[in-house]
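Colleague: Predicted model and sequence follow; I will ask about them next.
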Amino acid sequence: MIIKILVLVVLAAIVLSLFSGLVFLVRGDTRSKGMVNALTVRIVLSVLLFTLLFVAWRMGMLTPQAAGK
C-alpha cells in the first residue's frame, strides 16, 4: 500500500513541475532559468518513478492485472 501512495506522490510532483514550467513559459522571462530547472526536475522525477515501479514490480510489491478480469 505504501508503494502506491509513493507512486501517487511522485506523479503529483511531476504534474506540479509541469505547471511550474508553464508559469515560466507564460511569463516569458528569457533570463530566468526556471523553465530549465522545472524540466530538469520533471525528468529526474520521471526516471525516479520508472525505477520505483520497476523495483516494486521485481520485488513483488506490484502485480500487473489484465484488463477486464
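Modeller: Perfect, thanks for sending it.

Colleague: Which residue is the nearest non-sequential neighbour of the residue sitting nearest the centre point of the chain?
Modeller: In the chain, the residue lying closest to the centroid (CA atoms, centre = their mean) is Ile14, at 3.5 Å. Of all residues not flanking Ile14 in the chain, Leu45 sits nearest, at 4.9 Å (CB to CB, 6 or more residues apart in numbering). All C-beta spots, glycine's among them, are computed from the backbone N, C-alpha and C.

Colleague: Reduced to three states, what does that neighbour come out as?
Modeller: For Leu45, the assignment made with DSSP: H, G, I helix; E, B strand; the rest coil gives helix.

Colleague: same deal with the one 3 residues further on?
Modeller: Of the three states, Leu48 takes helix according to three-state DSSP.

Colleague: Does it touch Val9 like I think?
Modeller: No. Assessed by CB atoms under 8 Å, Leu48 is found out of contact with Val9, at 10.8 Å.
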